[in-house]
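Participant: based on what follows, work out the 3D shape:
(one chain, ligands or ions: 1)
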Amino acid sequence: MKPTITAFERSPDRGRGLARDMRVRWALEEVGQPYDVRLVSFKEMKEPAHRALHPFGQIPTYEEGGLALFESGAIVFHIAERHAGLLPGDPTARARAITWMFAALNTMEPPILDREIATLVERDKTWYGERLPVLEDRVRTRLGELSSRLGDADWLDGAFSAGDLLMVTVLRRLSGSGLLDPYASLCAYIARGEARPAYQRAFADQLAVFTGKAGTR
Ligand code: GTB
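Facilitator: Here you go, the predicted model:
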């Protein structure tokens, strides 16, 4: 059955692929699963019909037959479990790839998000100038640790996996911040992810929403 996902009708990122439907689109493209997209406004997201799918009134959601999911990580995991291509078959390699999915969302994303939120909503606070360097140091610490682990490998643990997919989407949230600049291997890692044909299709589709040229796949 063809799944339907939700995405912003008008994404605040202006088509830069930073909203979390991007990771779901990318996962679906990696496994070759066609999907439909239902675009929702900020108002619709908070209405009962959408909250029945997503208790927090957000995007993305995923509907497939009688199944309704929210949380981008859970959706990507579901896609990776149901289709070949995003998780290794070997049980131990699979467990390690899943560990990287959690690391992306639970260890890397929180400090990146804390910094991003501060730059968006705390700029006018008297303490912003003191807080920002603290938040940026926390991000740098994680980037340094991740960079050390990646070394000169292409992907975090052998072949490309859902762990890399989530990690690349999380790291992309730092684009334009300058924080990635000292980490050439992480920049190359992101570029490798972005060069994947499945990423490019997903990116083009979410950009088409912004430019008003969207269809369904
Ligand atoms: N933990 C949830 C998940 O992973 O699915 C978080 C979902 C979430 O934060 N959704 C956001 C949302 O619906 C969109 S992605 N926000 C509306 C609301 O809460 O009312 C977050 C996002 C938004 C904008 C940008 N941007 O402009 O760059 C980037 C990321």
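Participant: use CA for all of it now, contacts and neighbours both
Facilitator: Fine.
Participant: who's sitting farthest from the centroid in the chain?
Facilitator: Distance to the chain centre peaks in the chain at residue 126, reaching 31.8 Å (criterion: Cα atoms, centre = their mean).
Participant: any idea how far the ligand is from that residue?
Facilitator: 24 Å (Cα to the nearest ligand atom, to the nearest Å).
Participant: what of residue 150?
Facilitator: For residue 150, the distance to the ligand - Cα to the nearest ligand atom - is 24 Å.
Participant: now do the phi/psi pair for the closest residue to that residue other than its chain neighbours.
Facilitator: Of all residues not flanking residue 150 in the chain, residue 156 sits nearest, at 5.6 Å (Cα to Cα, 6 or more residues apart in numbering). Dihedral pair for residue 156: phi -70, psi -30, per degrees, to the nearest 10.
Participant: what's near enough to touch residue 156?
Facilitator: Applying Cα atoms under 8 Å, 6 or more residues apart in numbering to residue 156 gives the contacts 100, 149, 150, 163, 164.
Participant: of those, just say which sits nearest to residue 67.
Facilitator: Comparing the contacts of residue 156 against residue 67 with Cα to Cα places residue 163 closest, at 23.4 Å.
Participant: from what I see, the closest one and residue 101 are in contact.
Facilitator: Yes - contact criterion Cα atoms under 8 Å: residue 163 and residue 101 qualify, at 4.1 Å.
Participant: so what are the domain limits for the chain?
Facilitator: Per automatic domain parsing, the domain ranges recorded for the chain read 4-85+198-211, 91-196.
Participant: mind putting these in TSV, mean pLDDT included?
Facilitator: Converted to TSV, the domains of the chain look like this (pLDDT from 0 to 100):
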stretch	mean pLDDT
domain 4-85+198-211	97
domain 91-196	98
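Participant: ranking those by burial, who's on top?
Facilitator: Most buried of the domains of the chain by mean neighbour count (mean count of other Cα atoms under 10 Å) is domain 4-85+198-211; its value is a mean of 18.
Participant: check whether it comes into contact with the ligand.
Facilitator: Yes - using Cα under 6 Å from any ligand atom, domain 4-85+198-211 reaches the ligand at 12, 13, 18, 19, 20, 58, 59, 60, 71, 72, 73.
Participant: out of the residues you listed, which are inside helices?
Facilitator: Residues of the residues of domain 4-85+198-211 next to the ligand located in helices (DSSP state H): 72, 73.
Participant: farthest pair in the residues of domain 4-85+198-211 next to the ligand?
Facilitator: 12 and 73 (20.8 Å).
Participant: name the helices or strands packed onto the helix or strand that contains residue 6?
Facilitator: In the assignment (DSSP states H and E), residue 6 maps to strand 4-8. Helices and strands touching strand 4-8, by 3 or more Cα pairs under 8 Å, 6 or more residues apart in numbering; DSSP states H and E, are helix 21-31, strand 36-40, strand 61-64.
Participant: recalculate using a threshold of 7 Å.
Facilitator: Under the contact criterion of 3 or more Cα pairs under 7 Å, 6 or more residues apart in numbering; DSSP states H and E, strand 4-8 touches strand 36-40, strand 61-64.
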